[in-house]
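Colleague: Coordinates for the following, if possible.
(one chain, ligands or ions: 1)
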Amino acid sequence: MTDGRGGTPDSDGPTEKCGVVGVALDDRPAARPLYYSLYALQHRGQESAGIVTHDGFQQHDHVEMGLVGDAFEPDDIEALSGAAGIGHVRYPTAGSVDKSCAQPFTVSFKSGSLALSHNGNLVNADEIRDELAGLGHAFTSDGDTEVIAHDLARNLLEEDLVRAVKRTMGRIHGSYSLTIMHDDTVLGVRDPEGNRPLCIGELEDGYVLASESAAIDTLDGRLVRDVKPGELVVLDEDGSGFESYQLVERANTAHCFFEHVYFARPDSKIDGSLVYDVRRELGRHLWAESGIETDVVLPVPDSGRAFASGYADAADEDGAETEFAEGLMKNRYVGRTFIMPTQDERERAVRLKLNPIKSMVQGKSVTLIDDSIVRGTTSTQLIALLKDCGAEEVHMRIGAPPIVAPCYMGIDMATREELIAADKTTDEIREEIEADSLSYLSIDAVANALDSAKADLCLGCVTGEYPYDIDGETTDRDVSRPEIEGSSALADD
Ligand code: AMP
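Modeller: Numbers count the residues shown, from 1 in each chain. Below you'll find the predicted structure:
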């Protein structure tokens, strides 16, 4: 679990969320499509990668630390036989940073075998773990996924699959997009608030579940739709279709807006919106709210690119004489800034990663556009760099509101103490990063670009009020969690 400050005890900084996949095919091995789809989701986790398949008789698994490309040898893929399987890429947000928490998590029990891949973070895992441990369940990791696996295994001893999932959903709280394999049946489950993404795709000879639609594209599949908040999807074993069960319904969703701002691939469609379009729209709002006419508009690559192109288009439509320029070059072989363990190394990494094209900034006024400011490392470094290269003024525009509070739902942004906006005004931040001006986007603009009511978004990191009941934090809604209200044929429980 998190350390209560929104960071994990084991990780020094913000982490990414995980990626999950599941595949059920007619009679072709599932391992290769799973492997390709994990490649497509590599941005969601680089700590470990794993695949579990089922051949109708038994499970086969291969789970390794590291990147997808390093975790699997051709022989490993060959050995993963069976037309059904699930996969996972992980960056830890709960539990230790070692193989005991790598996924898919597997468990064998009296009525079969289970494998689970989880993206998200439960807020009551400790409670359920204590209860199950008291009943004799032995836990091998400190992660919350094992808690879900044990709870489900226990319910499966008494109930059929759908009722068992429903019962577990009534007990676990927090964010979870899951792919599950019970023997050779592949399921997808999305938490009732729909905090993390999960979608369904159709292949020529089967169906796929994935965190992001880009994974479905990679398999030449067709995006069917998102899994609905509170829905269970069961893929047919012969790959011919799927069954849907709306197990839990809530008045409001709590979709994570930061998926659209930073995490998800721009070529993914999440909850009906193409991430790239949303980012461009956010950029247009940014111009409308705080546009400033400068000689050039520079995106911070790659995160600020779509925002800057929307911003520059809107500026152009308003007749502003400002040129959009790719003036910062990125060394694509440097890992993500946040993986660097110390502040000193993080600062060096920014310099290694980005280099300005001097002629594009020398003697010019510059608007620098990024998606977000977390600790302020990137913006401080880049503004100093641009000024060193002769930029006369640097105006910073950010495509998200100030991040004032930690994320407990699966994105370890940073601890509250590390967040630059946690206790500073925008003007104080401007001074600290030494920008000539600084503006963030409003929360209203985010809701508008996402075409969503604010009440249907998780805005915890920008408001400090969460859609879940978290110790020591306030909530923005009724979190009394009515026990499983029925909407389905299973309402008789
Ligand atoms: P910072 O340098 O700490 O202010 O972080 C801001 C930069 O990190 C921006 O360029 C973002 O695109 C990127 N970023 C934002 N959130 C995260 C995150 N949770 N993990 C990794 N990078 C992030």
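Colleague: hey, let's count contacts and neighbours off CA atoms from now on
Modeller: Will do.
Colleague: for the stretch 251-400 of the chain, what spans make up the strands?
Modeller: In the stretch 251-400 of the chain, the segments counted as strands under DSSP state E, counting those that start in this stretch are 255-256, 269-270, 273-274, 296-299, 323-324, 328-330, 354-356, 365-370, 393-398.
Colleague: Rebuild those strands as CSV, extending it with distance to the ligand.
Modeller: Below are the strands of the stretch 251-400 of the chain laid out as CSV (distance: least, Cα to the nearest ligand atom, whole Å):
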stretch, distance to the ligand
strand 255-256, 12
strand 269-270, 18
strand 273-274, 18
strand 296-299, 10
strand 323-324, 18
strand 328-330, 12
strand 354-356, 11
strand 365-370, 6
strand 393-398, 9
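Colleague: can these go into TSV with extra columns for mean neighbour count and mean pLDDT?
Modeller: Formatted as TSV, those follow (neighbours: other Cα atoms under 10 Å; pLDDT from 0 to 100):
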stretch	mean neighbour count	mean pLDDT
strand 255-256	24	98
strand 269-270	24	98
strand 273-274	16	96
strand 296-299	26	97
strand 323-324	18	94
strand 328-330	18	92
strand 354-356	19	91
strand 365-370	26	98
strand 393-398	24	98
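Colleague: closest one to Val234 among the ones you listed?
Modeller: strand 269-270 (20.2 Å; Cα to Cα).
Colleague: Could you list every helix and strand that that closest one packs against?
Modeller: Strand 269-270 is packed against helix 213-218, with contacts defined by 3 or more Cα pairs under 8 Å, 6 or more residues apart in numbering; DSSP states H and E.
Colleague: now the following helix or strand past the helix it packs on, how far from the centre of its chain.
Modeller: For helix 213-218, the following helix or strand on the C-terminal side (DSSP states H and E) is strand 222-226. Strand 222-226 has its C-alpha centroid displaced from the chain centroid by 18 Å (Cα atoms, centre = their mean, to the nearest Å).
Colleague: Tell me who's in contact with the residue of the stretch 151-300 of the chain found nearest the ligand.
Modeller: Taking Cα to the nearest ligand atom, the ligand has its nearest neighbour within the stretch 151-300 of the chain at Tyr262, 6.1 Å off. Contact partners of Tyr262, counting by Cα atoms under 8 Å, 6 or more residues apart in numbering, are Ser303, Asp371, Ser372.
Colleague: Now the buried members of those.
Modeller: Ser303, Asp371, Ser372 (16 or more other Cα atoms under 10 Å).
Colleague: can you pull the contacts of the second one?
Modeller: It stands for Asp371. With contact set as Cα under 8 Å, 6+ apart, Asp371 has these partners: Val261, Tyr262, Ser303, Gly304, Phe307, Ile398, Gly399, Ala400.
Colleague: check contacts around Asp26.
Modeller: So Asp26 contacts Ala83, Asp205, Gly206, Glu237, Asp238, Gly239, Ser240 (Cα under 8 Å, 6+ apart).
Colleague: ok, now with 10 Å
Modeller: Asp26 is in contact with Ala83, Ala84, Glu204, Asp205, Gly206, Tyr207, Asp236, Glu237, Asp238, Gly239, Ser240, counting by Cα atoms under 10 Å, 6 or more residues apart in numbering.
Colleague: What subset of those is buried?
Modeller: Ala83, Ala84, Gly206, Tyr207, Asp236, Glu237, Asp238, Gly239, Ser240.
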